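Peer 1: Predicted model and sequence below, questions to follow.
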Amino acid sequence: MAISIFAFGGITTLGLALLVIAFTGYAIRQVFFHPLSDIPGPFLAKLTRWWQAYEVFSGAAEVTERALHEKYGYLVRVAPNQVSISDPEAIKLIYGPNSRFAKTDMYAAWKHGYDNMFTYRDEKEHAKHRRAVGNAYAMSNVLDSEQYIDQCSNLFLQRLGEMAQAGQTVDLGHWLQMYAFDVVTELFYGKAFGLMDARQDFGWFDLLEGVVQAVAIMGMIPYVVSFYHMPLWQKIFPKVKEANDKQMKMITVAQERVAERLNSKANRRDMMEKFIERHRESPQDMTVQWIEMEAVVALFAGSDTTAAALRSMFYYLLKNPSTYETLQKEIDNLDAQRELSPRISFAESNKMPYLLAVCKEAMRLHPSVGLGLPRYVPEGGREICGRFFPEGTRVAINAWVVHLDEGIFGRDPKAFRPERWFEGDPKIMDRYMFQFGSGSRTCTGKNIAILQLQKVVPEILRHFDITLSEPAKSWKTINHFFVKQEGLNVMLKARTYKA
Ligand code: HEM
């Protein structure tokens, strides 16, 4: 008996020793002999992708990335085979047209059952689908939806008016999200989900947050994605099952709404109708499943992002009263000259240069997406920042880092100064803005987002005087791919504006 215990103990010790040797060998290779070993970065990041997963879990990955680039410069190794790049010149090289840098395995985590526009990794498949829907997202077509956005704005203003009259503190951040959610569902699901109407989110925000958080973390360690759908794994980790069920619920709702529209004679010009028109013309280019997927991805990619941008605009204006005043004057002057319709149109908003500058400056300082957008270096490798990167290396640029480049955005890059857009050459700054990504994978919904930002912000400022309920307090942000903000609580006072 004593001998067998000894033998067992011996084997265990030997096993442990082998493990330690293997790990040490691996660590030495990763740190000193890996093709990326000359690139600085956190020690753990050189060994495992779990470092990045933990960063995403912690909810402040953009803060860490900014600090790392401040310390190390343009190149930071953030995973064994991934480099974060902060050189603005690298944007065109990596994401530009015909760059051939494909999306990485991170995006596999975002796919549920079948691919959607966001998750495609095969560039040819992506291009085929993007061609099929591209026209619907052109501004000229998106403007057909302006009337539905106005309907949502009417209800939003009514609700804000009620809260102003009651003298209550308004969680404007929450309301802006309900607004963005209602707009996206109005356009892509044929009818708003009615959050503003009911004055509640029906649990949708928790649902989205749960899924996005799980998926964003898994995206950093994509080999766990296959577990995500396994019943045993879901039993062990009930949260995984919950996220999976939530994702299924979103797909089911999309399927129901698309089926409803296909069987109805609705006379609408919304986004869903544009896809249905295309389906009727050419069912093989625009299948029913694709219409459903456009709706699902719009909800995922279009509501949190737009809400974050709207919150940023209000927050920075309120924290910088002189900018608020300048914008309000711009709106009031146009109003006094009777240049504005009862609901400010997109065309009218384009006559407000300061508004456009506020829009860009808010998204420069607080991009809605808070992680780098990873791509594989294509066949043959590429030179970036004067260094050769072998094929298959993951490289990523994070808007939160690149938007602080002083060479491009001028002095005080961390300050909210819409005025910077009137100094120097705004075209150059525009070229390096990365809040919507860039190139062939740039945001499809960009025009829908811009339409909302440019219309609803001046409309609210026209109707209400807004003050922060606790002016000395800062908001809290949490980054699980989308950088959401909490604590935009305000007091509203109706202005004398009459439509
Ligand atoms: C202010 C609002 C928005 C911001 C800041 C934003 C940001 C982004 C970014 C950074 C990407 C690139 C992701 C990548 O390369 O991995 C992206 C892609 C995408 N966005 Fe948006 N987005 C916004 C609104 C919307 C809206 C309203 C929709 C749809 C209704 C939408 C749908 C999409 C889709 C489908 C993609 C994938 C495009 C492709 O790969 O071809 N987004 N967005």
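Peer 2: Yep, that arrived.

Peer 1: could you give the mean pLDDT of stretch 436-455?
Peer 2: Averaged across stretch 436-455, pLDDT comes to 97.

Peer 1: That stretch close to the ligand?
Peer 2: Yes: with Cβ under 6 Å from any ligand atom as the criterion, the ligand is reached by stretch 436-455 at 436-437, 441, 443-445, 448-449. Every residue, glycine included, has its C-beta placed from N, CA and C.

Peer 1: what two of these are the furthest from one another?
Peer 2: Distance extremes for the residues of stretch 436-455 next to the ligand: the farthest pair is 441 and 448 at 16.8 Å, using Cβ to Cβ.

Peer 1: Residue nearest the middle of the chain, spatially speaking?
Peer 2: The centroid of the chain falls nearest to residue 369 when counting by Cα atoms, centre = their mean (3.6 Å).

Peer 1: partner residues bridging that residue?
Peer 2: Partner residues in beta bridges with residue 369, using DSSP bridges, are residue 482.

Peer 1: Please name the residues that touch it.
Peer 2: When contacts are counted by Cβ atoms under 8 Å, 6 or more residues apart in numbering, residue 369 is found next to 305, 399, 435, 437, 481-483.

Peer 1: Near the ligand, which residues of the stretch 201-350 of the chain are found?
Peer 2: 297-298, 301-302, 305-306, 309.

Peer 1: What subset of those residues is buried?
Peer 2: Of the members of those, the ones counted as buried by neighbours, 16 or more other Cβ atoms under 10 Å, are 297-298, 301-302, 305-306, 309.

Peer 1: I'd like those residues as CSV, with distance to residue 204, pLDDT and secondary structure appended.
Peer 2: Formatted as CSV, those follow (distance: Cβ to Cβ, whole Å; pLDDT from 0 to 100; DSSP: H, G, I helix; E, B strand; the rest coil):
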residue, distance to residue 204, pLDDT, secondary structure
297, 16, 92, helix
298, 14, 94, helix
301, 15, 93, helix
302, 13, 95, helix
305, 15, 98, helix
306, 15, 98, helix
309, 19, 98, helix
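
Peer 1: Look up how far residue 427 lies from the closest residue to residue 406 other than its chain neighbours.
Peer 2: Nearest non-adjacent residue to residue 406, counting by Cβ to Cβ, 6 or more residues apart in numbering: residue 413, 5.5 Å away. Distance, residue 413 to residue 427, by Cβ to Cβ, to the nearest Å: 18 Å.

Peer 1: okay, those two: which has more neighbours?
Peer 2: Legend: neighbour count by other Cβ atoms under 10 Å for residue 413 and residue 427, higher for residue 413 (16 against 7).

Peer 1: quick one, what contacts that one?
Peer 2: Shown in contact with residue 413 (Cβ under 8 Å, 6+ apart): 403-406.

Peer 1: same deal with residue 311?
Peer 2: Applying Cβ under 8 Å, 6+ apart, the residues near residue 311 are 172-173, 176, 475, 485, 488.

Peer 1: could you point out where the chain is predicted with low confidence?
Peer 2: 1-8, 497-499 (pLDDT under 70).

Peer 1: For the ligand, what's the nearest residue on it?
Peer 2: In the chain, the residue that lies nearest the ligand is residue 445 (2.0 Å; Cβ to the nearest ligand atom).

Peer 1: Next up, phi/psi of that residue, please.
Peer 2: In terms of degrees, to the nearest 10, the main-chain angles of residue 445 are phi -90, psi 10.

Peer 1: how near is the residue lying closest to it once chain neighbours are set aside to residue 455?
Peer 2: Distances taken as Cβ to Cβ, 6+ apart put residue 302 closest to residue 445, at 4.7 Å, once the chain neighbours are dropped. Residue 302 is 16 Å from residue 455, where distance means Cβ to Cβ.

Peer 1: One more: residue 335?
Peer 2: Counting by Cβ to Cβ, the gap from residue 335 to residue 455 is 15 Å.

Peer 1: now do residue 286
Peer 2: Going from residue 286 to residue 455 by Cβ to Cβ gives 28 Å.

Peer 1: what does residue 257 give?
Peer 2: Using Cβ to Cβ, we find residue 257 at a distance of 24 Å from residue 455.

Peer 1: Checking the residue nearest to residue 111 when sequence neighbours are not counted next. Helix, strand or coil?
Peer 2: With sequence-adjacent residues excluded and distances taken as Cβ to Cβ, 6+ apart, residue 111 is closest to residue 119, at 4.0 Å. When classified by DSSP: H, G, I helix; E, B strand; the rest coil, residue 119 comes out as coil.

Peer 1: Now do residue 65 against residue 221, distance only.
Peer 2: Here the criterion is Cβ to Cβ. By it, residue 65 lies 18 Å from residue 221.

Peer 1: Which one's more surrounded, those two?
Peer 2: Per other Cβ under 10 Å, whichever of residue 65 and residue 221 has more neighbours is residue 65, with 23 against 20.

Peer 1: need the contact list for the more buried one.
Peer 2: So residue 65 contacts 76, 78, 84, 372, 398, 400-401 (Cβ under 8 Å, 6+ apart).

Peer 1: ok, now residue 327?
Peer 2: Contacts of residue 327 by Cβ under 8 Å, 6+ apart are 317, 352, 354-355, 358, 458, 461.

Peer 1: How about the secondary structure of it?
Peer 2: Following three-state DSSP, we place residue 327 in the helix state.

Peer 1: Can you tell me the number of residues neighbouring residue 342?
Peer 2: Using other Cβ under 10 Å, residue 342 has 10 neighbouring residues.

Peer 1: Tell me which helix or strand it sits in.
Peer 2: For residue 342, there is no enclosing helix or strand under DSSP states H and E.

Peer 1: same deal with residue 315?
Peer 2: Element membership for residue 315 (DSSP H and E) is helix 288-319.

Peer 1: got the buried residues for that helix?
Peer 2: By neighbour count on 16+ other Cβ under 10 Å, the buried set for helix 288-319 is 290-318.

Peer 1: Need phi/psi at residue 47.
Peer 2: In terms of degrees, to the nearest 10, the main-chain angles of residue 47 are phi -100, psi -40.

Peer 1: Leaving out the residues flanking it, which one is nearest to it?
Peer 2: Counting by Cβ to Cβ, 6+ apart, residue 47 lies nearest to residue 30, which is 5.4 Å off, once chain neighbours are set aside.

Peer 1: what do you get for residue 451?
Peer 2: For residue 451, ignoring the flanking residues on the chain, the nearest one in space by Cβ to Cβ, 6+ apart is residue 346 at 5.6 Å.
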